[in-house]
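# Take this sequence and fold it.
(chains A and B)
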2 protein chains.
Amino acid sequence: MSSIREQAERAKNAKAGLAALDRAKKDRALAAIAAALRARAPEIQRENELDLAAARMAGLAPALIDRLRMDQKAIESTARAVEHVMTLPDPVASRGPMQRMPSGIQVGRQRLPLGVIAIVYESRPNVTVDAASLCLKSGNTALLRGGKEAAHTNRILGSVIAGALSASGLDPDAVQIIPPGDRDGVRELVSLSGLVDLAIPRGGEGLIRFVVEHARVPVVQHFLGVCHLFLDAGCDVEMAKNLALDGKVRRPGVCNALECLLVDAMDAARLLPPVAGALLAEGVELRGDARTRELVSAAKAATDEDWGKEYLAKILAVRVVDGLDGALAHVGRYGSNHSEAICTETFSHAERWLREVDASCVLVNASTRFNDGGELGLGAEIGISTTKLHAYGPMGLESLTAEKWVVIGGGQIRG
Amino acid sequence: MSSIREQAERAKNAKAGLAALDRAKKDRALAAIAAALRARAPEIQRENELDLAAARMAGLAPALIDRLRMDQKAIESTARAVEHVMTLPDPVASRGPMQRMPSGIQVGRQRLPLGVIAIVYESRPNVTVDAASLCLKSGNTALLRGGKEAAHTNRILGSVIAGALSASGLDPDAVQIIPPGDRDGVRELVSLSGLVDLAIPRGGEGLIRFVVEHARVPVVQHFLGVCHLFLDAGCDVEMAKNLALDGKVRRPGVCNALECLLVDAMDAARLLPPVAGALLAEGVELRGDARTRELVSAAKAATDEDWGKEYLAKILAVRVVDGLDGALAHVGRYGSNHSEAICTETFSHAERWLREVDASCVLVNASTRFNDGGELGLGAEIGISTTKLHAYGPMGLESLTAEKWVVIGGGQIRG
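I've put the predicted structure just below:
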């Protein structure tokens, strides 16, 4: 048996015990993990230094090296994130309302963990701890397969977690680190049908496509965040400016950042110059269609490649469209089912936007950056799904569980 | 482009139009389908005769030929099922409670259709109409790929549905029949990632395993129904008898029928003889372990193959186990995550059963036969999922939709 399959078998064996745990036990284990992170911080930093040195040797970009870093501050914020998960409600075994049916039986639903969750991710080692704590709190066992760049850091984090689990009387097999290797290991992990219940890839498009292509287990995927903001005729120009700046400038590298601004032709002469001016003043490169460039001379010419493009940089595509229908058509064709916002004062347009746009989060007069587990009230998220099955949008603890039907009777038969 | 891909492209193009339909329009189309089924009944029966004749020629088992039959009565009951779907609430675009977050935005969820649903099924041609009406009501486009045996019947049913859709002003591409052929066609259909949003195989284990193996789109699967009834020490013997008879005798060929009876050793001498006697009197063949056969001499000896076996016949495995823990261990090992019932008077045992058994439906003092969309209040079901992702248990209209996040603000930014 391969070592990956053997780890998955152990995860499966740990499943029932983990599913049966009460919240108090799980919270105590989370507290132990947070404490162990702090206590063993010097060790973690030492191992992290090995990864950082290797990354520098390999000539990784400074931004990537930054993502890899687990310094005192990063360890502390990771420990706090674990403590935050402690404060969140435990969804497991919560039972919804019971309804009495004509047959006399009472019917309802009760939440249960999904089982074994395989998470395949790149770079950031804090994902190891975040994913472990969310899986643990929701009663799932976790198989965590991080990237080669973070191999030393992930290994020590895995040992910190396992130690804390054992010390809390929990099965250390509940959270296992899968050592990194080539993609054959990923392929094997996501093909373990009957052992792995869900695969969550977190990383670049290449990794996600690879997992989807080779998976024989269900996958929650999140390819791209190509988010649009549509400025409807008659909307408030100050609000439009704020939403555009917040979406594009604050954190251009995140998936809920704005990538394309759409403006209704009817009102573009009023809206576009001030909004574009504010963006240009913040150093944003604008790539506009012909009608945009008539109004904003500083905009470069957009090509067909600019529509549907995820820049993850201070670049914004801008297009003048014909009314709400034009905006809906553009978003339907080029959107990525992630986050789509309208800025409007027209009630029926807001309602049509909410209904007709197919995205995990549709927003009226709010920044696309609100598509985030914390902002939407989930407390924490393990990923954002842009496929509709099982979960659509940020996945919190509840999305790591399923509902079974519960029937309580007094001897009823169907006859 | 292959004809299957071409049909899927047309289904994708019909998606947005269908998702935007109001309930009234969909209900009118359903009424038109029911009316057309009745009006064109002679035509349907003529085509069905061709399938029946071919089935007889091929020497199909009488039970299979029966399942294929679309006589006047079957057509009428199919039309009534369509009319029943009309009466069910439309889940699309219903918005849940909106919660105001600390940032000031309002957050909630709104239902939307999944998109294009491919259903791969065997034999029964009424599935064609049932699936079409459930997909239509939930705003999804359907690609229906039935079996070769029902080719003529399914083709005429497809034409009846398409005619009714056109006459109601709906896009006839919303429901398309994929002509049967070899399994390569199934393989192609379920690999159309980006076109097909969900595949639902309905049929034998072979078909389902084939779909799961070759799918590149999400699959809702239902392999087996190996349902257990555990008779707890101290339970009511009359109730136990009724639940066992209802589960095994009324319709032994369905997936929520009972396949294995478990009895607590502590109380087996009181419970087993009368329950076994009642089953034997109804012509059920019992296959028991050694402890069972000590109490029920008429039981045959069970072998290891009898545990976890789906007989779909008047055969029942019987095993004496050591208390609730023994029953939970047996169900955990041999159950199929379908329907698992306990007959008990002990409160804590009922609660442990509900919490610890991993099945789409867990029942206390009620027949396993209640795991059915109609009995659980769904109105109608398109299948029963025994995988936890997206849906677990009977899938009604709501399970054919997803929820997107809705954010309504007054210009909020995250900053």
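
# mind listing the strands for the stretch 51-200 of chain A?
Ranges of strands within the stretch 51-200 of chain A are A:99-100, A:106-113, A:116-121, A:141-145, A:175-177, A:198-202, based on DSSP state E, counting those that start in this stretch.

# Could you spell out the sheet neighbours of the fifth one, each with its direction?
Spelled out, that is strand A:175-177. strand A:141-145 (parallel) (DSSP bridges).

# what does the partner strand contact?
Contacting residues not belonging to strand A:141-145 are listed as A:7-8, A:11-12, A:14-15, A:18, A:115-121, A:127-128, A:131-132, A:135-136, A:154, A:158, A:173-178, A:180, A:185-186, A:189, A:196 [CB atoms under 8 Å, 6 or more residues apart in numbering or on different chains]. Using the backbone N, CA and C atoms, a C-beta is placed for each residue, glycine as well.

# swap in stretch A:151-171?
For stretch A:151-171, contacts defined as CB under 8 Å, 6+ apart pick out A:14, A:17-18, A:21, A:25, A:28-29, A:32-33, A:35-37, A:40, A:43-44, A:47-48, A:50-51, A:68, A:70, A:125, A:128-129, A:132, A:144, A:146, A:172, A:174-177, A:179-180.

# Make a ChimeraX selection of the buried ones in those residues.
In ChimeraX syntax, the buried subset of the contacts of stretch A:151-171 is picked out as below (16 or more other CB atoms under 10 Å in any protein chain shown):
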select /A:14,18,21,28,29,32,33,35,36,37,40,44,47,48,51,68,70,125,128,129,132,144,146,172,174,175,176,177,180
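
# Name the nearest residue to A:S123, ignoring sequence neighbours.
Nearest non-adjacent residue to A:S123, counting by CB to CB, 6 or more residues apart in numbering or on different chains: A:R67, 4.9 Å away.

# my read: that neighbour touches A:N126, true?
No - using CB atoms under 8 Å, A:R67 makes no contact with A:N126, being 9.2 Å away.

# who touches both of these two?
Joint contacts of A:R67 and A:N126 (CB under 8 Å, 6+ apart) do not exist.

# Check the offset of the helix or strand A:K25 falls within from the chain's centre.
According to DSSP states H and E, A:K25 maps onto helix A:23-39. A distance of 24 Å separates the centroid of the chain from that of helix A:23-39, by CA atoms, centre = their mean, to the nearest Å.

# Likewise for stretch A:5-25?
In terms of CA atoms, centre = their mean, the gap separating the centre of stretch A:5-25 from the centre of its chain is 24 Å.

# is chain B contacted by that stretch?
Yes - counting by CB under 8 Å from any CB of the partner chain, chain B is contacted by stretch A:5-25 at A:16, A:19-20.

# Now flag whichever of the residues you listed is closest to B:D322.
Distance to B:D322 across the residues of stretch A:5-25 next to chain B (CB to CB) is lowest for A:A16, with 17.6 Å.

# Spell out the residue ranges of the strands in the stretch 251-400 of chain A.
Under DSSP E, counting those that start in this stretch, the stretch 251-400 of chain A gives strands at A:258-264, A:285-288, A:300-301, A:315-321, A:339-343, A:361-366, A:383-385, A:393-395.

# quick revisit: measure the residue nearest to A:S123 to chain B for me?
To chain B, A:R67 is 21 Å away according to CB to the nearest CB, to the nearest Å.

# Can you report how many residues lie near A:A16?
Here the number of neighbours of A:A16 (other CB atoms under 10 Å in any protein chain shown) works out to 16.

# can you pull the contacts of the residue nearest to it when sequence neighbours are not counted?
Distance criterion CB to CB, 6+ apart; nearest residue to A:A16, sequence neighbours excluded, is B:G332 at 6.5 Å. Residues counted as contacts of B:G332 (CB under 8 Å, 6+ apart) are A:16, B:357-358.

# Please apply the same query to A:V321.
Taking CB under 8 Å, 6+ apart, we find A:V321 in contact with A:230, A:262-265, A:327, A:329-330.

# Enumerate every residue touching the residue nearest to A:G204 when sequence neighbours are not counted.
With sequence-adjacent residues excluded and distances taken as CB to CB, 6+ apart, A:G204 is closest to A:E122, at 6.5 Å. A:E122 sits next to A:146-147, A:149, A:202-204, A:207 when contact means CB under 8 Å, 6+ apart.

# Relative to chain B, how far out is A:E122?
In terms of CB to the nearest CB, A:E122 sits 22 Å off from chain B.

# and what of A:G323?
From A:G323 across to chain B, the span is 17 Å (CB to the nearest CB).

# residues in contact with that residue?
Residues near A:G323 by CB under 8 Å, 6+ apart: A:233, A:264-266.

# Any regions of the stretch 151-300 of chain A where pLDDT drops low?
The stretch 151-300 of chain A contains no residues with pLDDT under 70.

# Give me every residue in it lying close to chain B.
Residues of the stretch 151-300 of chain A lying near chain B (CB under 8 Å from any CB): A:193, A:197-198, A:212-213, A:216, A:218, A:236, A:238-239, A:242-243, A:245-246, A:250.

# Swap in 10 Å and give it another go.
Within the stretch 151-300 of chain A, the positions near chain B by CB under 10 Å from any CB of the partner chain are A:193, A:197-198, A:209, A:212-221, A:235-236, A:238-247, A:250-251, A:256.

# among the contacts of A:V321, who's most crowded?
Highest neighbour count within the contacts of A:V321: A:V263, with 31 neighbours (other CB under 10 Å).

# How about that one: what's its closest non-neighbour residue?
Using CB to CB, 6+ apart, the closest residue to A:V263 is A:L231 (4.6 Å).

# and the gap between that neighbour and chain B?
12 Å.

# For that residue, give the beta-bridge partners.
A:V263, A:C343.

# how about the helices in the stretch 201-350 of chain A?
All helices of the stretch 201-350 of chain A, identified by DSSP state H, counting those that start in this stretch, fall at A:205-214, A:237-248, A:268-281, A:290-295, A:323-334, A:347-356.
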